[in-house]
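# just to be clear, the model below is a prediction. Sequence and coordinates:
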Amino acid sequence: MDGQVLEVGAYDPSTYLGQLLVQQGRLTPQELTRALKLAHERNTPVGKVCVDEGLISIKDLNRALSEQMFVRLRR
């Protein structure tokens, strides 16, 4: 595995991807609510839904995922 991080889990809602995107100003709370509903209906990760719906760019998603991993590893 060469020291690669394969998964980081956390149960702190402040580190959830959608919350991070709202904190970063990339999504409004209303957009997050809509994205979460669509993600549930489509059985698709919320990040993919946000990109597919044009709410954020792939670059925004990658930044948020990097931040999420960093925050979770720090705790």
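Looks like it came in fine. Numbering: from 1, shown residues only.

# ranges for the helices of the protein?
Residue ranges of the helices in the chain, as given by DSSP state H, are 17-23, 29-42, 46-52, 58-74.

# okay, now Leu17: neighbour count?
Leu17 is flanked by 19 other residues according to other CB atoms under 10 Å. All C-beta spots, glycine's among them, are computed from the backbone N, C-alpha and C.

# offset the numbering so it begins at 21, please.
Okay, residue one is now 21; in that scheme the one you just asked about reads as Leu37.

# my guess is it contacts Leu85, does it?
Yes: applying CB atoms under 8 Å, one finds Leu37 in contact with Leu85, separated by 7.0 Å.

# overlap in contacts of the two?
Gly67 (CB atoms under 8 Å, 6 or more residues apart in numbering).

# can you tell me the closest non-neighbouring residue to Cys70?
In space, and not counting its chain neighbours, Cys70 is closest to Ile76: 4.7 Å by CB to CB, 6 or more residues apart in numbering.

# tally of neighbours for that neighbour?
For Ile76, using other CB under 10 Å, the count is 21.

# isn't it up against Gln44?
No: if you go by CB under 8 Å, Ile76 and Gln44 don't touch, sitting 9.4 Å apart.

# between these two, what contacts are shared?
With CB under 8 Å, 6+ apart as the test, Ile76 and Gln44 both reach Ala84.

# circling back to that earlier point, out of the helices of the chain, nearest to Tyr31?
helix 78-94 (10.1 Å; CB to CB).

# residues of the closest one that come out buried?
Within helix 78-94, the residues that count as buried by 16 or more other CB atoms under 10 Å are 80-81, 83-84, 87-88.

# coming back round to it: quick check: pLDDT value at the residue nearest to Cys70.
Looking at Ile76, its pLDDT is 97.

# now do Gly23
Per-residue confidence (pLDDT) for Gly23: 64.

# do the one 4 residues further on as well
If you check Glu27, the pLDDT there is 57.

# now stretch 62-77 - C-alpha only, CSV.
The C-alpha trace of stretch 62-77 is given here as CSV (Å, rounded to 0.1, in the frame of the first residue of the first chain):
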residue,chain,number,x,y,z
ARG,A,62,-29.8,9.0,-7.0
ASN,A,63,-27.8,7.0,-4.5
THR,A,64,-24.8,9.2,-5.6
PRO,A,65,-22.1,11.0,-3.6
VAL,A,66,-23.1,14.6,-2.8
GLY,A,67,-19.9,15.9,-4.3
LYS,A,68,-20.7,14.3,-7.7
VAL,A,69,-24.3,15.7,-7.5
CYS,A,70,-22.9,19.2,-6.8
VAL,A,71,-20.6,19.0,-9.8
ASP,A,72,-23.2,17.4,-12.1
GLU,A,73,-25.8,20.1,-11.2
GLY,A,74,-23.2,22.9,-11.8
LEU,A,75,-23.2,24.0,-8.2
ILE,A,76,-19.4,23.7,-7.9
SER,A,77,-16.5,23.0,-10.2
